[in-house]
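Mind looking at a prediction? Sequence and model below.
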Protein chains: 4
Amino acid sequence: MSIAGAAASADLTKICPLVIHRTNPKYGADETLVVRVKHVEFGGVKPVIIGGPCSVESIEQTLELAHAAKAAGADMLRGGAYKPRTSPHDFQGLGLEGLEILREASLQTGLPIVTEVMDPRLVEQVGEYADMLQIGSRNMQNYPLLTEAGRFGKPVLLKRGMAASLVEWLGAAEYIAKEGNLQIVLCERGIKAYPSGEYSRFILDLNVIPALHAETFLPVIVDPSHATGVASMVEPASRSALESGCHGLIIEIASEKTGVPQPKCDAAQAISPTTLGRIVEFAHSRAGQRSESKACAV
Amino acid sequence: MSIAGAAASADLTKICPLVIHRTNPKYGADETLVVRVKHVEFGGVKPVIIGGPCSVESIEQTLELAHAAKAAGADMLRGGAYKPRTSPHDFQGLGLEGLEILREASLQTGLPIVTEVMDPRLVEQVGEYADMLQIGSRNMQNYPLLTEAGRFGKPVLLKRGMAASLVEWLGAAEYIAKEGNLQIVLCERGIKAYPSGEYSRFILDLNVIPALHAETFLPVIVDPSHATGVASMVEPASRSALESGCHGLIIEIASEKTGVPQPKCDAAQAISPTTLGRIVEFAHSRAGQRSESKACAV
Amino acid sequence: MSIAGAAASADLTKICPLVIHRTNPKYGADETLVVRVKHVEFGGVKPVIIGGPCSVESIEQTLELAHAAKAAGADMLRGGAYKPRTSPHDFQGLGLEGLEILREASLQTGLPIVTEVMDPRLVEQVGEYADMLQIGSRNMQNYPLLTEAGRFGKPVLLKRGMAASLVEWLGAAEYIAKEGNLQIVLCERGIKAYPSGEYSRFILDLNVIPALHAETFLPVIVDPSHATGVASMVEPASRSALESGCHGLIIEIASEKTGVPQPKCDAAQAISPTTLGRIVEFAHSRAGQRSESKACAV
Amino acid sequence: MSIAGAAASADLTKICPLVIHRTNPKYGADETLVVRVKHVEFGGVKPVIIGGPCSVESIEQTLELAHAAKAAGADMLRGGAYKPRTSPHDFQGLGLEGLEILREASLQTGLPIVTEVMDPRLVEQVGEYADMLQIGSRNMQNYPLLTEAGRFGKPVLLKRGMAASLVEWLGAAEYIAKEGNLQIVLCERGIKAYPSGEYSRFILDLNVIPALHAETFLPVIVDPSHATGVASMVEPASRSALESGCHGLIIEIASEKTGVPQPKCDAAQAISPTTLGRIVEFAHSRAGQRSESKACAV
């Protein structure tokens, strides 16, 4: 029957056993693997907050926002040196120069760095500067890239594809794990659905957080900036995400100083360091309670 | 151009001015209209928690769950007497007998009742028993029904259609308001998207909550039971929903006593009164903080 | 497991047996039930083409377009007297006056009429004028309306909901069949998906046509006007739909005379009688070949 | 306002001017660029039919299917040597050995070859064997890969991402064009929407074909095998696709001989060479008529 034949494509049992699946006997039934990026721990009781610019545009802009993120209480710094843009005619990032800027920002603030790598030939270069390699949504199923990231061995932040099923996402993570690298943090960043573009850029899917906890021991964080695409939605989305049981947030910020130019990329979704500070405060205040209800007993 | 022509279908300015829109000068820029159902207030600082069975199946089942909901701290009782089922061969609800049972449960517990009406010819009958009329997702654009509910004058709970845009939802609410009845509470209950059915029944869309606050002064609640379809997801979804700035929750519960038969409808998403109690506790503990961050400043 | 629990919602076996399902022993494995509307037959080799205005706006407009549809070779006349509009402030149709106009147009052209009914209290009134009752997308799961249409006994055109699953659609048809009325024609009219609004209003889903043939013996037609929302896409969409194995088309037209006012509703998707003529010609030219390949052998 | 801010993400004017856009003065208003792969021409009146196995599994299987495709009237041979699989534990393709097999099949049949490349480091290797490089759905926004394919200079078949907007798809093609390579053929292969998995694997989106013709002069073909995922739907989907105005089809076939093992990948969607023959016949019979109605006049 056509229906049965078609439904098969979304069936986890078709691709198991997976090293990263809960059925892996090395990990307890409710256990979350703790992924360490320098002194930062993903998967513990305390949520990890990553803040920073969408893209690295200059040394001044990056240092200002890195110090602002640090002051707001962020645990890590984000920023794109290599930017995947819908049009090749748009700003593509500063590349190696951007990585140098990120290193300086990390040295000054002590914040570990996560930044995106898009090209398997650049995994070594980006990996030399980054404390955590980000695989973006557009490359979630870029298997040669996942394999190189797995081989390099540094922790990987694997964003969900814009229309990835749970099975496709876990399968992508398995490409990294297959190389012997289990230092993987998953990141929900909003999916495409019919309302995309009406009032928000993507639809934040929080149902997938408990679903992930049921299927894998890997920690998962949420990107409320891309999941909404609207700055005024980022704070409520952050609180909601934390209550869903995720282990952290990755948030884009922009300067609140007057006279500073708009970000070249995704300006509409960048929040101020002040708002980031409120989110960090909320995250810390809720850390304890969240862990209690983590079991999600019926 | 094809693109422009098509995009028009999702444009709010095309259907404005609406009585329920923020542009209505009678209401302040950040004001939420308070909708009163007996002593219960939707739209205030304290979230309203509605609990009860999916459908009214018997006097024993309904009284047990009504008392359990009351004991758990719920503010109102839900329960379907007329049930819209995908197949006509499935249980369709007890009808008038179910309404009588709900009245008894309300008398014993003091909890106001919200129950669904599907037929404009039954608005008077259902309205005689219900304190609040529910218009279900399947009937969100059933305009004759919306008009009758508007004329009847009792408060209306308007659920979002499974694939309704913000514009379509506000337009539906306007059909009620056009009859002079502004006692409308909106209810997000999950939307259809590609993952529907893989790990959850629908996708809970919390981005729409701040979007609604930006467009209308009507209060909005969330139905985490239908938005997830999975009992173990209801508690985290409830916490997330409350943090998004909604004004309440409507939740399905089932008996935790042994030997009690499974619900005839949506058994997979019913939680226990114990879990409902934890959700109520969370709702009350967060009431204050939520109101502060309601402005969602950037 | 959450996945299994959720997936259940889209499972046909959960709602079978259905009178309208292929498992009904009264109908052959490849048989299509022929639904007769006066002299017009849905389900035969010759596709049925229904043409006419979106809504009945005046006697002049309707007569002009009815004669134009007839001249173009259409088999039936469409036109809305009761219009479900997103906003209550938009034109709602001429109601009874519109039905009188449709009757006059039918008398002058000999074309049977299909027109929408939205209110179970109006099934008798609309049914007195219409040769076929249309249940629109917004009301696909308006069960009291489906039941009344089933009881009335005239043929019913059941449009697919904007986000209806195959199971939900078949379940809706079963509400009509349950009343003893099997004179049902299904109508695919485009679904909501992430691209809706970018280049077309809805996404025409032709995969559902062979899927329907596999599950039911009821005939199915396609509405390329709503499925695209863009006039220039209607002709290719019509040809595509006919090749998918559907039994007819329902198409919106507008006057090509100069000085005639734009339609009050869905003007962007109305084609000219001239284009309708080309589509009719194509439909007749392909009638034979289609029937041969109907079996869709692998 | 949130709505405006969000909607911007799907706006073509935001990424124009594009070299591949109709606004490029080098190409006429209705002109289609003819892309040549050896003696095969994409974009002319005669549709190009590409047939072959999902993946190259052995010399025997590939030669059998290559000769069968040739006999059925196919113009080109498809077959995967490097396979992007959801799980790393599934068959990943024969790699270089598969390319050698494809070359042999091409030598024996005279059919040009299109095969997928996933890794920018393998563009030269794959390009040495392939007459046309395929960029798969998962890699539609793998910009380093698109850039390498553009630089290599051979014709590129760019499949649409499973949830790509028109803007994202055109932007991806522009990455190839930016390197001076306009030999690009676009391929619609079905999108993800809520019904995916109920009765078909993906939803074939034919509305995008005329939309593409309105926005770009590049030819476009359709992949009915992946767009349906169900063998019995491939023939009607192929006919529908051709009527929508596309310039060709790429179809997966499997042996109809008894005792031959099932394909290791996507067996449920492979059709027989006999059915492929019927599709080729249809394509040739409709070639003339299609060109006439190409203008899609309203």
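Sure thing, it's come through.

For the residue most central in space within chain A, which three-state class applies?
By C-alpha atoms, centre = their mean, chain A has its centre lying nearest to residue A:187, at 4.0 Å. Applying DSSP: H, G, I helix; E, B strand; the rest coil to residue A:187 yields a three-state assignment of strand.

which residue packs closest to it, ignoring adjacent ones?
Once flanking residues are discounted, residue A:187 sits nearest to residue A:159: 4.6 Å by C-beta to C-beta, 6 or more residues apart in numbering or on different chains. Quick note: C-beta positions are derived from backbone N, CA and C, even for glycine.

Can you give me the neighbour number for that neighbour?
For residue A:159, the neighbour count with other C-beta atoms under 10 Å in any protein chain shown is 26.

what's the answer for residue A:50, then?
Look at residue A:50: counted by other C-beta under 10 Å, it has 30 neighbours.

average pLDDT across the helix or strand hosting it?
If you go by DSSP states H and E, residue A:50 is part of strand A:48-52. Averaged over strand A:48-52, pLDDT sits at 98.

Just after that strand, pick out the following helix or strand.
helix A:59-72.

And the helices in the stretch 1-150 of chain A?
Counting by DSSP state H, counting those that start in this stretch, the stretch 1-150 of chain A has helices at residues A:2-7, A:59-72, A:96-109, A:123-129, A:143-152.

Make a markdown table out of those helices and add mean pLDDT, distance to residue C:209 and mean neighbour count.
Shown next, in a markdown table, are these (pLDDT from 0 to 100; distance: least, C-beta to C-beta, whole Å; neighbours: other C-beta atoms under 10 Å in any protein chain shown):
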| stretch | mean pLDDT | distance to residue C:209 | mean neighbour count |
| --- | --- | --- | --- |
| helix A:2-7 | 36 | 11 | 21 |
| helix A:59-72 | 98 | 54 | 20 |
| helix A:96-109 | 98 | 51 | 18 |
| helix A:123-129 | 98 | 46 | 18 |
| helix A:143-152 | 98 | 35 | 24 |
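
Can I get those in CSV including distance to chain B?
Output for the helices of the stretch 1-150 of chain A, formatted as CSV (distance: least, C-beta to the nearest C-beta, whole Å):
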stretch, distance to chain B
helix A:2-7, 9
helix A:59-72, 14
helix A:96-109, 23
helix A:123-129, 30
helix A:143-152, 21
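
right, so of those, which gets closest to chain C?
The minimum distance between chain C and the helices of the stretch 1-150 of chain A falls on helix A:2-7, with 5.5 Å, by C-beta to the nearest C-beta.

pull the longest helix from chain A.
Counting by DSSP state H, the longest helix found in chain A is helix A:273-293.

What is that helix packed up against?
Judged by 3 or more C-beta pairs under 8 Å, 6 or more residues apart in numbering or on different chains; DSSP states H and E, the packing partners of helix A:273-293 are strand A:48-52, helix A:59-72, helix A:231-243, strand A:248-252, helix B:231-243, helix B:273-293.

Pick out the shakiest of the ones you listed, pLDDT-wise.
Mean pLDDT is lowest for helix B:273-293 among those, at a mean of 83.

buried sites along that one?
B:273, B:275-280, B:282-283, B:286, B:290, B:293 (16 or more other C-beta atoms under 10 Å in any protein chain shown).

what ranges of the stretch 151-298 of chain A fall below the confidence cut-off?
For the stretch 151-298 of chain A, the stretches with pLDDT under 70 are A:288-298.

do that again at 50, thanks
Along the stretch 151-298 of chain A, the parts satisfying pLDDT under 50 run over A:291-298.

three-state assignment of the closest residue to chain D within chain A?
Scanning chain A for proximity to chain D using C-beta to the nearest C-beta identifies residue A:163 as nearest, at 3.2 Å. Using three-state DSSP, the structure places residue A:163 in coil.

That one: neighbour count?
Other residues lying near residue A:163 total 24 when counted by other C-beta under 10 Å.

got the contact list for the nearest residue to residue A:59 once chain neighbours are set aside?
Nearest residue to residue A:59, sequence neighbours excluded (C-beta to C-beta, 6+ apart): residue A:101, at 5.1 Å. Residues in contact with residue A:101 (C-beta atoms under 8 Å, 6 or more residues apart in numbering or on different chains) are A:56, A:58-59, A:62-63, A:79, A:81, A:94.

hmm, back to that, how about the helices and strands packed on helix A:273-293, which one is nearest residue C:196?
Residue C:196 sits nearest to helix A:231-243 of all the helices and strands packed on helix A:273-293, at 21.3 Å, using C-beta to C-beta.

what does the stretch 101-250 of chain A put close to chain B?
For the stretch 101-250 of chain A, the residues in contact with chain B (C-beta under 8 Å from any C-beta of the partner chain) are A:163, A:165-167, A:191-195, A:197-200, A:203-211, A:214, A:227-228, A:230-237, A:239-245.

what do you get if the cut-off is 7 Å, keeping everything else the same?
A:163, A:165-166, A:191, A:193-195, A:198-200, A:203-211, A:228, A:231-233, A:235-237, A:239-240, A:243-245 (C-beta under 7 Å from any C-beta of the partner chain).

can you narrow these to ones near chain C?
Filtering those for neighbours of chain C using C-beta under 7 Å from any C-beta leaves A:193-194, A:211.

Relative to chain C, which of those is nearest.
residue A:194 (4.1 Å).

for the ones next to chain C among the residues of the stretch 101-250 of chain A next to chain B, which one is nearest residue A:28?
residue A:211 (18.6 Å).

Would you confirm that the residue of chain A closest to chain D contacts residue B:195?
No. Residue A:163 is beyond contact range of residue B:195, at 8.7 Å (criterion: C-beta atoms under 7 Å).

Quick check: neighbours shared by these two?
Counting by C-beta atoms under 7 Å, 6 or more residues apart in numbering or on different chains, the shared contacts of residue A:163 and residue B:195 are residue A:191.

before we move on, the earlier item: how big is the angle separating the longest helix of chain A from helix A:59-72?
Helix A:273-293 runs at 40 degrees relative to helix A:59-72, counting by axes from the mean of the first three to the mean of the last three C-alpha atoms, to 10 degrees.

contacts for helix A:273-293?
Contact partners of helix A:273-293, identified using C-beta under 7 Å, 6+ apart, comprise A:45-47, A:49, A:51, A:68-69, A:71-74, A:235, A:238-239, A:242, A:245, A:249, A:251, A:253, A:256, B:235, B:278, B:293, B:297-298.

repeat that for 8 Å
For helix A:273-293, contacts defined as C-beta under 8 Å, 6+ apart pick out A:45-47, A:49, A:51, A:65, A:68-69, A:71-74, A:234-235, A:238-239, A:242-243, A:245, A:249, A:251, A:253, A:256, B:235-236, B:239, B:278, B:282, B:289, B:293, B:297-298.

Would you mind listing what in the stretch 51-200 of chain A touches chain C?
By C-beta under 8 Å from any C-beta, the residues of the stretch 51-200 of chain A that approach chain C are A:163, A:166, A:192-194, A:196-198.
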